[in-house]
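Novice: Sequence and predicted model, in that order:
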Amino acid sequence: MPSYTAGVPVAQGIQTIWQFFERFKPVHVWIQGPDFDRPVLEDLFRQYGMAMPWKYSANRDCRTTWALAFPGVKKPLPPHQAMDDCLGTLEGLQSALSELGRRAAF
């Protein structure tokens, strides 16, 4: 497995994402804002002659989920580094989904 903290060539990263979707076929794709992640990835896939490996309707937004779980609370931001961003987003999403689940239980 490549060291993602050191970075990988774009072509290798796009291929890795494509292989992930081919192997696991996720139903939903969690993104950090629909106006950034998807358009950037869509453009990269197009540049490499590949179609997006998921449909637009699979998108789920982490920021909206956080805002629903914690209205008015700003999510803490890690230093801007790709892996830290990813892990911070996953931790925030997990916290938000847990909070929403806790509320739904009552």
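Specialist: That came in fine, so what should we check first? Numbering: from 1, shown residues only.
Novice: Show me which helix runs longest in this protein.
Specialist: helix 82-104 (DSSP state H).
Novice: first to last residue in stretch 71-88, what's the distance?
Specialist: 18 Å (C-alpha to C-alpha, to the nearest Å).
Novice: Give the closest residue to residue 11 in space, chain neighbours not counted.
Specialist: Excluding the flanking residues, the one nearest residue 11 by C-beta to C-beta, 6 or more residues apart in numbering is residue 48, at 6.2 Å. Using the backbone N, CA and C atoms, a C-beta is placed for each residue, glycine as well.
Novice: mind listing the helices for the protein?
Specialist: Using DSSP H, helices in the chain cover 10-24, 37-47, 62-69, 82-104.
Novice: Any chance you could list what contacts the first one?
Specialist: This points to helix 10-24. 2, 8, 41, 44, 45, 48, 50, 53, 54 (C-beta atoms under 8 Å, 6 or more residues apart in numbering).
Novice: If we use 7 Å, what do you get?
Specialist: 2, 44, 45, 48, 50, 53, 54 (C-beta atoms under 7 Å, 6 or more residues apart in numbering).
Novice: Next: the shortest one.
Specialist: Applying C-beta under 7 Å, 6+ apart, the external contacts of helix 62-69 come out as 30, 31, 32, 33, 75, 89, 92, 93, 96, 97, 99, 100.
Novice: what about it, distance to the chain center?
Specialist: Centroid separation for helix 62-69 versus its chain: 13 Å, with C-alpha atoms, centre = their mean, to the nearest Å.
Novice: Now do it against helix 37-47: the angle between them, please.
Specialist: For helix 62-69 against helix 37-47, the angle by axes from the mean of the first three to the mean of the last three C-alpha atoms, to 10 degrees is 170 degrees.
Novice: ok, now how distant is the residue nearest the centre of the chain from residue 103?
Specialist: Residue closest to the average C-alpha location in the chain (C-alpha atoms, centre = their mean): residue 31, at 3.4 Å. Going from residue 31 to residue 103 by C-beta to C-beta, to the nearest Å gives 23 Å.
Novice: rewinding a little: check the contacts of helix 62-69 for burial and list the buried ones.
Specialist: 30, 31, 32, 75, 89, 92, 93, 96 (16 or more other C-beta atoms under 10 Å).
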